[in-house]
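K.L.:
need the 3D shape of this:
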Amino acid sequence: MKFVRKFQAELPVYYEKAITDYLRKIGELIKEMVASGINFLENVLIVITVPAEYLEKDKAIMRKCAYNAELIKERYSKNLQFTTEPEAAAVYCMENNLKVTDLNTPETTFMIVDCGGGTVDLTTRKLLKDKQLGEVTERAGDFCGNNSDFTNYEMDIEDVVPVVMQYVTEEVQEKMEENDWVIEFGYDDIKSMFDSVVGRIIKMIHMQLDNNRETCSAMLLVGGLSQSKYLQERIKQEFQHRVKNISVPLQPIAAISRGAALYGLSMINSAPNFENSHKFVINERVLKYTYGISHVWKKGDPIERRRSNGRIHKFLSLAQRGTVVEINQEFTSMIFPISSTQSAVDFLIYFTAKYSAQYIDEDGMEKLESLLISLPDVHYGRRPILFGLTFGRMEITASAKNQLNGQNYQTTLKFDI
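P.N.:
I've put the predicted structure just below:
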(Lines give C-alpha, C1' and ligand atoms only; values in the text may rest on other atoms or scores of the structure.)
Protein backbone atom coordinates (compact mmCIF):
# COMPACT_ATOMS: atom_id res chain seq x y z
CA MET A 1 0.00 0.00 0.00
CA LYS A 2 2.75 2.49 0.88
CA PHE A 3 4.59 1.59 -2.34
CA VAL A 4 1.43 2.22 -4.33
CA ARG A 5 0.89 5.64 -2.76
CA LYS A 6 4.49 6.65 -3.32
CA PHE A 7 4.32 5.99 -7.05
CA GLN A 8 0.72 7.09 -7.52
CA ALA A 9 1.66 9.64 -10.22
CA GLU A 10 3.14 6.88 -12.39
CA LEU A 11 0.07 4.62 -12.25
CA PRO A 12 -2.57 4.76 -15.01
CA VAL A 13 -5.36 4.53 -12.39
CA TYR A 14 -5.93 5.88 -8.89
CA TYR A 15 -4.92 3.19 -6.41
CA GLU A 16 -8.10 3.42 -4.29
CA LYS A 17 -10.21 2.90 -7.41
CA ALA A 18 -8.11 -0.13 -8.40
CA ILE A 19 -8.53 -1.69 -4.94
CA THR A 20 -12.25 -0.89 -4.88
CA ASP A 21 -12.85 -2.41 -8.32
CA TYR A 22 -10.93 -5.54 -7.33
CA LEU A 23 -12.90 -5.96 -4.11
CA ARG A 24 -16.19 -5.36 -5.93
CA LYS A 25 -15.45 -8.18 -8.40
CA ILE A 26 -14.38 -10.48 -5.57
CA GLY A 27 -17.60 -9.57 -3.77
CA GLU A 28 -19.72 -10.40 -6.81
CA LEU A 29 -18.14 -13.84 -6.98
CA ILE A 30 -18.64 -14.46 -3.25
CA LYS A 31 -22.27 -13.39 -3.38
CA GLU A 32 -22.88 -15.69 -6.34
CA MET A 33 -21.22 -18.71 -4.74
CA VAL A 34 -22.03 -18.57 -1.04
CA ALA A 35 -24.56 -15.85 -0.34
CA SER A 36 -27.59 -17.19 -2.21
CA GLY A 37 -30.80 -16.60 -0.28
CA ILE A 38 -29.25 -14.62 2.60
CA ASN A 39 -28.83 -10.94 3.35
CA PHE A 40 -25.15 -10.45 2.52
CA LEU A 41 -24.72 -7.03 4.14
CA GLU A 42 -26.42 -8.13 7.36
CA ASN A 43 -25.33 -11.74 7.84
CA VAL A 44 -21.88 -12.20 6.28
CA LEU A 45 -18.64 -11.57 8.17
CA ILE A 46 -15.73 -10.54 5.94
CA VAL A 47 -12.14 -11.05 7.14
CA ILE A 48 -9.39 -9.28 5.20
CA THR A 49 -5.77 -10.19 5.83
CA VAL A 50 -3.18 -7.41 5.64
CA PRO A 51 0.63 -7.38 5.93
CA ALA A 52 1.93 -7.07 9.48
CA GLU A 53 3.62 -3.74 8.70
CA TYR A 54 0.33 -2.04 7.71
CA LEU A 55 -0.30 1.15 9.64
CA GLU A 56 -3.73 2.16 10.96
CA LYS A 57 -4.10 4.49 7.97
CA ASP A 58 -3.48 1.62 5.55
CA LYS A 59 -6.24 -0.44 7.18
CA ALA A 60 -8.52 2.59 7.07
CA ILE A 61 -7.95 2.81 3.31
CA MET A 62 -8.85 -0.86 2.92
CA ARG A 63 -12.01 -0.34 4.96
CA LYS A 64 -12.99 2.66 2.83
CA CYS A 65 -12.45 0.65 -0.37
CA ALA A 66 -14.49 -2.28 0.98
CA TYR A 67 -17.34 0.10 1.76
CA ASN A 68 -17.16 1.69 -1.71
CA ALA A 69 -17.15 -1.82 -3.19
CA GLU A 70 -20.46 -2.47 -1.37
CA LEU A 71 -19.07 -5.31 0.74
CA ILE A 72 -20.34 -3.67 3.96
CA LYS A 73 -23.44 -1.60 4.69
CA GLU A 74 -21.71 1.04 6.83
CA ARG A 75 -18.13 2.22 6.62
CA TYR A 76 -17.31 1.17 10.19
CA SER A 77 -19.42 -1.98 10.17
CA LYS A 78 -18.40 -4.77 12.55
CA ASN A 79 -19.07 -7.17 9.67
CA LEU A 80 -15.63 -6.30 8.29
CA GLN A 81 -12.69 -7.42 10.40
CA PHE A 82 -8.94 -7.41 9.80
CA THR A 83 -6.21 -9.80 10.82
CA THR A 84 -2.56 -9.78 9.85
CA GLU A 85 -1.06 -12.37 7.53
CA PRO A 86 1.27 -13.79 10.23
CA GLU A 87 -1.68 -14.14 12.64
CA ALA A 88 -3.80 -15.93 10.03
CA ALA A 89 -0.93 -18.31 9.27
CA ALA A 90 -0.53 -19.00 12.99
CA VAL A 91 -4.23 -19.83 13.35
CA TYR A 92 -4.04 -22.27 10.44
CA CYS A 93 -0.96 -24.00 11.82
CA MET A 94 -2.47 -24.18 15.30
CA GLU A 95 -5.56 -25.95 13.94
CA ASN A 96 -3.58 -28.34 11.73
CA ASN A 97 0.10 -29.07 12.34
CA LEU A 98 0.10 -28.60 16.12
CA LYS A 99 -2.81 -31.01 16.54
CA VAL A 100 -1.07 -33.65 14.43
CA THR A 101 2.11 -33.39 16.50
CA ASP A 102 0.23 -33.30 19.85
CA LEU A 103 1.60 -29.84 20.58
CA ASN A 104 -1.79 -28.10 20.81
CA THR A 105 -1.61 -27.65 24.57
CA PRO A 106 -1.45 -24.38 26.56
CA GLU A 107 2.01 -22.81 26.98
CA THR A 108 3.36 -24.40 23.78
CA THR A 109 5.57 -21.87 21.97
CA PHE A 110 5.98 -22.09 18.20
CA MET A 111 7.45 -20.02 15.37
CA ILE A 112 5.84 -19.27 12.01
CA VAL A 113 8.36 -18.75 9.18
CA ASP A 114 6.36 -17.18 6.36
CA CYS A 115 8.45 -17.19 3.17
CA GLY A 116 6.31 -15.44 0.60
CA GLY A 117 6.71 -14.03 -2.88
CA GLY A 118 9.19 -11.35 -1.88
CA THR A 119 9.33 -11.14 1.91
CA VAL A 120 9.96 -13.33 4.92
CA ASP A 121 8.06 -12.80 8.19
CA LEU A 122 8.94 -14.49 11.47
CA THR A 123 6.53 -14.50 14.41
CA THR A 124 6.76 -16.49 17.62
CA ARG A 125 3.45 -17.39 19.29
CA LYS A 126 2.29 -19.13 22.44
CA LEU A 127 -0.85 -21.23 22.81
CA LEU A 128 -3.07 -19.92 25.59
CA LYS A 129 -6.16 -21.50 27.10
CA ASP A 130 -9.35 -21.88 25.03
CA LYS A 131 -7.45 -22.03 21.73
CA GLN A 132 -6.23 -18.46 22.06
CA LEU A 133 -2.89 -17.23 20.78
CA GLY A 134 -0.39 -14.84 22.28
CA GLU A 135 2.60 -13.18 20.63
CA VAL A 136 5.94 -13.83 22.36
CA THR A 137 8.40 -11.63 20.46
CA GLU A 138 8.23 -8.79 18.00
CA ARG A 139 7.73 -9.78 14.39
CA ALA A 140 10.87 -9.82 12.25
CA GLY A 141 10.69 -9.29 8.50
CA ASP A 142 12.86 -8.79 5.45
CA PHE A 143 12.74 -8.72 1.67
CA CYS A 144 14.30 -11.99 0.60
CA GLY A 145 12.87 -12.96 -2.78
CA ASN A 146 11.28 -16.23 -3.89
CA ASN A 147 12.11 -19.44 -5.72
CA SER A 148 10.84 -22.98 -6.20
CA ASP A 149 12.53 -26.40 -6.14
CA PHE A 150 15.98 -26.45 -7.71
CA THR A 151 16.27 -28.37 -10.96
CA ASN A 152 18.14 -27.95 -14.21
CA TYR A 153 16.53 -25.23 -16.26
CA GLU A 154 16.72 -24.33 -19.95
CA MET A 155 16.01 -20.83 -21.23
CA ASP A 156 15.27 -20.23 -24.90
CA ILE A 157 16.49 -16.69 -25.53
CA GLU A 158 14.51 -16.39 -28.78
CA ASP A 159 11.27 -17.05 -26.91
CA VAL A 160 11.96 -15.37 -23.57
CA VAL A 161 14.08 -12.27 -24.25
CA PRO A 162 14.69 -11.95 -28.03
CA VAL A 163 15.73 -8.31 -27.60
CA VAL A 164 19.01 -9.51 -26.03
CA MET A 165 20.09 -11.17 -29.28
CA GLN A 166 20.97 -7.87 -30.94
CA TYR A 167 23.41 -6.88 -28.19
CA VAL A 168 25.70 -9.93 -28.09
CA THR A 169 29.15 -9.91 -29.69
CA GLU A 170 29.84 -11.78 -32.92
CA GLU A 171 31.78 -14.47 -31.08
CA VAL A 172 28.97 -15.05 -28.59
CA GLN A 173 26.41 -15.02 -31.37
CA GLU A 174 28.18 -17.89 -33.16
CA LYS A 175 28.21 -19.98 -29.99
CA MET A 176 24.57 -19.21 -29.25
CA GLU A 177 23.49 -20.14 -32.77
CA GLU A 178 25.21 -23.48 -32.35
CA ASN A 179 23.06 -24.04 -29.24
CA ASP A 180 19.89 -22.73 -30.93
CA TRP A 181 19.96 -19.78 -28.51
CA VAL A 182 19.28 -22.03 -25.54
CA ILE A 183 21.07 -21.50 -22.22
CA GLU A 184 21.10 -24.33 -19.69
CA PHE A 185 21.33 -23.58 -15.97
CA GLY A 186 22.55 -26.46 -13.83
CA TYR A 187 21.53 -27.26 -10.26
CA ASP A 188 24.59 -25.57 -8.78
CA ASP A 189 24.03 -22.46 -10.91
CA ILE A 190 20.49 -21.99 -9.62
CA LYS A 191 21.42 -22.98 -6.08
CA SER A 192 24.11 -20.30 -5.98
CA MET A 193 21.52 -17.65 -6.89
CA PHE A 194 19.54 -18.41 -3.74
CA ASP A 195 22.26 -19.33 -1.27
CA SER A 196 22.44 -15.75 -0.04
CA VAL A 197 18.65 -15.60 0.36
CA VAL A 198 18.55 -18.83 2.34
CA GLY A 199 21.47 -17.60 4.41
CA ARG A 200 19.60 -14.42 5.33
CA ILE A 201 16.50 -16.41 6.31
CA ILE A 202 18.57 -18.68 8.56
CA LYS A 203 20.24 -15.67 10.16
CA MET A 204 16.82 -14.11 10.86
CA ILE A 205 15.58 -17.33 12.47
CA HIS A 206 18.66 -17.50 14.71
CA MET A 207 18.03 -13.93 15.89
CA GLN A 208 14.35 -14.63 16.53
CA LEU A 209 15.17 -17.75 18.56
CA ASP A 210 17.78 -15.83 20.53
CA ASN A 211 15.16 -13.20 21.38
CA ASN A 212 12.65 -15.76 22.59
CA ARG A 213 12.15 -15.80 26.32
CA GLU A 214 10.98 -19.42 26.21
CA THR A 215 11.94 -22.63 24.42
CA CYS A 216 10.45 -22.92 20.95
CA SER A 217 8.75 -26.33 20.56
CA ALA A 218 7.85 -26.13 16.86
CA MET A 219 8.76 -24.28 13.69
CA LEU A 220 6.25 -24.17 10.84
CA LEU A 221 7.18 -23.07 7.31
CA VAL A 222 4.46 -21.45 5.19
CA GLY A 223 4.35 -19.44 1.96
CA GLY A 224 5.50 -20.19 -1.56
CA LEU A 225 9.23 -20.42 -0.84
CA SER A 226 8.63 -22.90 1.98
CA GLN A 227 7.87 -25.54 -0.68
CA SER A 228 11.53 -25.53 -1.67
CA LYS A 229 13.09 -28.82 -0.60
CA TYR A 230 16.47 -27.11 -0.47
CA LEU A 231 15.23 -24.48 2.00
CA GLN A 232 13.48 -27.12 4.12
CA GLU A 233 16.63 -29.24 4.32
CA ARG A 234 18.85 -26.26 5.19
CA ILE A 235 16.53 -25.10 7.97
CA LYS A 236 16.11 -28.58 9.45
CA GLN A 237 19.85 -29.16 9.36
CA GLU A 238 20.56 -25.80 10.98
CA PHE A 239 17.94 -25.85 13.74
CA GLN A 240 17.29 -29.52 14.56
CA HIS A 241 19.25 -29.12 17.80
CA ARG A 242 17.19 -26.06 18.88
CA VAL A 243 13.62 -26.91 17.81
CA LYS A 244 11.98 -30.29 18.38
CA ASN A 245 9.53 -30.18 15.50
CA ILE A 246 10.10 -28.49 12.11
CA SER A 247 7.40 -29.06 9.50
CA VAL A 248 5.51 -27.68 6.49
CA PRO A 249 1.67 -27.71 6.25
CA LEU A 250 0.08 -29.68 3.44
CA GLN A 251 -0.86 -26.47 1.62
CA PRO A 252 1.63 -23.83 2.77
CA ILE A 253 0.58 -21.30 0.12
CA ALA A 254 -3.03 -21.38 1.38
CA ALA A 255 -2.11 -21.06 5.07
CA ILE A 256 -3.02 -17.37 5.28
CA SER A 257 -6.39 -17.55 3.51
CA ARG A 258 -7.44 -20.67 5.40
CA GLY A 259 -6.27 -19.18 8.68
CA ALA A 260 -8.35 -16.07 8.01
CA ALA A 261 -11.43 -18.27 7.52
CA LEU A 262 -10.76 -20.04 10.82
CA TYR A 263 -10.27 -16.68 12.52
CA GLY A 264 -13.67 -15.52 11.25
CA LEU A 265 -15.36 -18.74 12.36
CA SER A 266 -13.94 -18.33 15.87
CA MET A 267 -15.56 -14.90 16.09
CA ILE A 268 -18.92 -16.15 14.84
CA ASN A 269 -18.91 -19.09 17.26
CA SER A 270 -18.13 -16.86 20.23
CA ALA A 271 -20.63 -14.10 19.30
CA PRO A 272 -22.99 -14.70 16.35
CA ASN A 273 -23.65 -10.97 15.84
CA PHE A 274 -19.91 -10.11 15.97
CA GLU A 275 -20.74 -7.19 18.28
CA ASN A 276 -19.84 -8.47 21.75
CA SER A 277 -17.25 -11.10 20.97
CA HIS A 278 -14.78 -11.44 23.84
CA LYS A 279 -13.28 -14.77 22.88
CA PHE A 280 -10.81 -14.20 20.06
CA VAL A 281 -8.30 -16.54 18.49
CA ILE A 282 -5.66 -13.82 18.80
CA ASN A 283 -5.66 -12.78 22.46
CA GLU A 284 -2.26 -11.11 22.82
CA ARG A 285 -0.04 -9.05 20.53
CA VAL A 286 3.33 -7.34 20.76
CA LEU A 287 3.11 -3.66 19.89
CA LYS A 288 5.15 -2.69 16.82
CA TYR A 289 5.13 1.02 17.71
CA THR A 290 5.24 3.31 20.73
CA TYR A 291 2.02 5.31 21.10
CA GLY A 292 1.42 8.52 23.02
CA ILE A 293 0.15 12.08 22.98
CA SER A 294 1.59 15.56 22.73
CA HIS A 295 2.00 17.52 25.95
CA VAL A 296 3.69 20.82 26.78
CA TRP A 297 6.90 22.09 28.34
CA LYS A 298 7.44 21.71 32.03
CA LYS A 299 9.93 23.26 34.41
CA GLY A 300 13.36 21.75 33.78
CA ASP A 301 12.86 21.15 30.05
CA PRO A 302 15.40 22.77 27.67
CA ILE A 303 14.52 26.45 27.23
CA GLU A 304 16.04 26.55 23.73
CA ARG A 305 13.26 24.30 22.46
CA ARG A 306 10.51 26.69 23.54
CA ARG A 307 8.29 28.02 20.78
CA SER A 308 7.13 31.63 20.42
CA ASN A 309 4.14 30.87 22.63
CA GLY A 310 6.47 29.64 25.35
CA ARG A 311 5.59 25.97 24.91
CA ILE A 312 7.49 22.84 23.93
CA HIS A 313 5.48 20.02 22.42
CA LYS A 314 6.83 16.90 24.06
CA PHE A 315 5.80 13.25 23.65
CA LEU A 316 4.04 11.48 26.51
CA SER A 317 4.37 7.74 25.96
CA LEU A 318 1.34 5.65 26.89
CA ALA A 319 2.15 2.25 25.34
CA GLN A 320 5.71 1.27 24.47
CA ARG A 321 6.85 -0.77 21.52
CA GLY A 322 7.53 -4.40 22.46
CA THR A 323 4.78 -4.45 25.12
CA VAL A 324 2.57 -7.55 25.10
CA VAL A 325 -1.07 -6.36 25.11
CA GLU A 326 -4.30 -8.31 25.38
CA ILE A 327 -7.25 -7.64 23.10
CA ASN A 328 -9.10 -4.50 24.30
CA GLN A 329 -6.40 -3.67 26.87
CA GLU A 330 -6.36 0.03 27.74
CA PHE A 331 -3.40 2.30 28.58
CA THR A 332 -4.30 5.50 30.45
CA SER A 333 -2.83 8.66 31.88
CA MET A 334 -4.36 11.48 33.95
CA ILE A 335 -4.11 14.77 32.06
CA PHE A 336 -4.85 18.32 33.21
CA PRO A 337 -5.61 21.27 30.90
CA ILE A 338 -2.89 23.90 30.61
CA SER A 339 -5.17 26.69 31.79
CA SER A 340 -7.88 26.63 34.45
CA THR A 341 -10.13 28.61 32.07
CA GLN A 342 -9.66 26.24 29.15
CA SER A 343 -13.01 25.14 27.67
CA ALA A 344 -11.70 22.42 25.30
CA VAL A 345 -8.71 20.10 24.87
CA ASP A 346 -7.40 18.69 21.60
CA PHE A 347 -5.45 15.49 22.24
CA LEU A 348 -2.91 14.91 19.46
CA ILE A 349 -2.02 11.22 19.18
CA TYR A 350 1.40 10.19 17.80
CA PHE A 351 3.31 6.97 17.20
CA THR A 352 6.91 6.06 16.47
CA ALA A 353 8.93 2.92 15.75
CA LYS A 354 11.37 3.96 18.50
CA TYR A 355 11.12 2.40 21.94
CA SER A 356 11.24 5.83 23.54
CA ALA A 357 11.03 9.45 22.42
CA GLN A 358 10.89 12.91 23.98
CA TYR A 359 9.55 15.29 21.33
CA ILE A 360 6.86 15.08 18.64
CA ASP A 361 9.19 16.56 16.00
CA GLU A 362 11.76 13.75 16.24
CA ASP A 363 12.62 11.72 13.13
CA GLY A 364 10.20 8.85 12.63
CA MET A 365 7.43 10.42 14.72
CA GLU A 366 4.05 10.47 12.95
CA LYS A 367 0.69 11.93 13.90
CA LEU A 368 -2.01 9.27 14.06
CA GLU A 369 -5.18 11.17 14.94
CA SER A 370 -6.63 13.82 17.24
CA LEU A 371 -9.49 13.78 19.75
CA LEU A 372 -11.16 17.13 20.56
CA ILE A 373 -13.20 17.25 23.76
CA SER A 374 -15.29 19.95 25.42
CA LEU A 375 -14.51 21.11 28.95
CA PRO A 376 -17.49 22.95 30.42
CA ASP A 377 -17.68 24.08 34.03
CA VAL A 378 -14.58 26.27 33.84
CA HIS A 379 -15.29 27.44 37.39
CA TYR A 380 -13.88 24.10 38.57
CA GLY A 381 -10.41 25.10 37.40
CA ARG A 382 -7.95 22.55 36.01
CA ARG A 383 -10.30 19.59 35.66
CA PRO A 384 -8.66 16.11 35.56
CA ILE A 385 -9.13 14.09 32.33
CA LEU A 386 -8.44 10.38 32.08
CA PHE A 387 -7.07 9.81 28.57
CA GLY A 388 -6.72 6.27 27.25
CA LEU A 389 -5.76 4.20 24.21
CA THR A 390 -7.45 0.81 23.82
CA PHE A 391 -5.92 -1.74 21.43
CA GLY A 392 -8.65 -3.83 19.84
CA ARG A 393 -8.41 -6.64 17.32
CA MET A 394 -6.92 -4.47 14.60
CA GLU A 395 -7.97 -0.92 15.44
CA ILE A 396 -7.21 1.55 18.22
CA THR A 397 -9.78 3.49 20.24
CA ALA A 398 -8.87 6.79 21.90
CA SER A 399 -10.98 7.99 24.83
CA ALA A 400 -11.05 10.94 27.21
CA LYS A 401 -13.21 11.10 30.35
CA ASN A 402 -13.85 14.22 32.40
CA GLN A 403 -13.35 12.97 35.95
CA LEU A 404 -15.60 15.66 37.44
CA ASN A 405 -18.79 15.37 35.39
CA GLY A 406 -18.31 11.92 33.84
CA GLN A 407 -18.46 13.10 30.21
CA ASN A 408 -16.77 10.55 28.00
CA TYR A 409 -15.43 11.08 24.47
CA GLN A 410 -13.98 8.47 22.16
CA THR A 411 -13.00 7.83 18.56
CA THR A 412 -11.94 4.70 16.69
CA LEU A 413 -9.22 6.72 14.95
CA LYS A 414 -11.11 7.52 11.77
CA PHE A 415 -8.58 8.86 9.31
CA ASP A 416 -8.74 11.78 6.94
CA ILE A 417 -7.43 9.86 3.93
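
K.L.:
what about residue 55, distance to residue 235?
P.N.:
31 Å (Cβ to Cβ, to the nearest Å). No exception for glycine: its C-beta is placed from N, CA and C like everyone else's.

K.L.:
residue 94 now?
P.N.:
Relative to residue 235, and taking Cβ to Cβ, residue 94 is found at 20 Å.

K.L.:
same check, this time on residue 39
P.N.:
Applying Cβ to Cβ to residue 39 and residue 235 gives a distance of 47 Å.

K.L.:
these two: who's more crowded?
P.N.:
residue 235 (23 against 9; other Cβ atoms under 10 Å).

K.L.:
leaving out sequence neighbours, find the closest residue to that one.
P.N.:
residue 246 (6.4 Å; Cβ to Cβ, 6 or more residues apart in numbering).

K.L.:
since we're on the one you found, how many residues are nearby?
P.N.:
19.

K.L.:
contact partners for it?
P.N.:
The contact partners of residue 246, by Cβ atoms under 8 Å, 6 or more residues apart in numbering, come to 218-221, 235-236, 239-240.

K.L.:
tell me which element it falls in.
P.N.:
Per DSSP states H and E, residue 246 falls inside strand 245-247.

K.L.:
partners of that strand, with directions?
P.N.:
Sheet partners assigned to strand 245-247 using DSSP bridges are listed as strand 218-222 (parallel).

K.L.:
next SSE after the strand it pairs with?
P.N.:
helix 229-239.

K.L.:
from the contact counts, what lies against that following helix?
P.N.:
Here helix 229-239 touches helix 187-211, strand 218-222, strand 245-247, going by 3 or more Cβ pairs under 8 Å, 6 or more residues apart in numbering; DSSP states H and E.

K.L.:
for the residue minimising distance to the centre of the chain, give me the pLDDT.
P.N.:
Nearest residue to the geometric centre of the chain (Cα atoms, centre = their mean): residue 52, 1.6 Å. pLDDT for residue 52: 76.

K.L.:
in this structure it contacts residue 84, no?
P.N.:
Yes. The pair residue 52 / residue 84 is scored as a contact, 4.6 Å apart, by Cβ atoms under 8 Å.

K.L.:
identify the residues contacting the closest residue to residue 290 other than its chain neighbours.
P.N.:
The shortest distance from residue 290 to any non-neighbouring residue, by Cβ to Cβ, 6+ apart, is to residue 321 (4.5 Å). By Cβ under 8 Å, 6+ apart, the contact set of residue 321 is 138, 287-290, 352-355.

K.L.:
so which helix or strand takes in residue 67?
P.N.:
Going by DSSP H and E, residue 67 is part of helix 56-68.

K.L.:
check residue 315 too.
P.N.:
strand 314-319.

K.L.:
what about that strand, average pLDDT?
P.N.:
90.

K.L.:
over to stretch 337-352?
P.N.:
84.

K.L.:
in it, which residues are buried?
P.N.:
337, 345, 347-352 (16 or more other Cβ atoms under 10 Å).
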